[in-house]
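Colleague: No sequence on hand, only this structure:
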């Protein structure tokens, strides 16, 4: 019975991304889904799958390398190589956000997925992204 409860708990977290991590970045609960014709949010911000789980996308790797902390360095980085720094994509335009504060602005993109997704420069970068 215990293993069944643990499975349900695991599936609950993997289906919605780990909320604790999403709260450690500005607008982590509001990151848009960049997939064409897919409505909703990208809950697993650091993953290649919208709901989390599986391999990390470039932002997820950079976030892990920053010890799961929003830093000025992480904010100023362009993890997904789309020409927009992570802070701009997450609404922290001047890299001054701290955990627990409201974001300065709205998210303008996804920090771990090169956008627009059909741009030739993004095709190779996004090869592991799963749009559901």
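Modeller: Thanks, I have the structure now. In this text the structure is predicted, and so the values were computed from the model without any measurement. Numbers count the residues shown, from 1 in each chain.
Colleague: residues touching the residue nearest to the spatial centre of the chain, list them.
Modeller: Among the residues of the chain, the one closest to the centroid is residue 45, at 2.1 Å (C-alpha atoms, centre = their mean). With contacts defined as C-beta atoms under 8 Å, 6 or more residues apart in numbering, residue 45 is in contact with 17, 21-22, 25, 28, 31, 59-60, 110-112. (C-beta placed from N, C-alpha, C; glycine too.)
Colleague: any idea which of the residues you listed has the most stuff around it?
Modeller: Among the contacts of residue 45, residue 111 has the most neighbours (other C-beta atoms under 10 Å), with 34 neighbours.
Colleague: Can you check the pLDDT for that residue?
Modeller: With respect to pLDDT, residue 111 scores 98.
Colleague: want to throw the contacts of residue 45 into CSV with secondary structure and distance to residue 72?
Modeller: Output for those, formatted as CSV (DSSP: H, G, I helix; E, B strand; the rest coil; distance: C-beta to C-beta, whole Å):
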residue, secondary structure, distance to residue 72
17, coil, 24
21, helix, 19
22, helix, 20
25, coil, 13
28, coil, 17
31, coil, 20
59, helix, 16
60, helix, 19
110, coil, 20
111, coil, 15
112, coil, 18
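Colleague: Need the max-distance pair from those.
Modeller: Using C-beta to C-beta, the two most remote members of the contacts of residue 45 are 21 and 110, lying 14.8 Å apart.
Colleague: quick one: secondary structure of residue 75?
Modeller: Following DSSP: H, G, I helix; E, B strand; the rest coil, we place residue 75 in the helix state.
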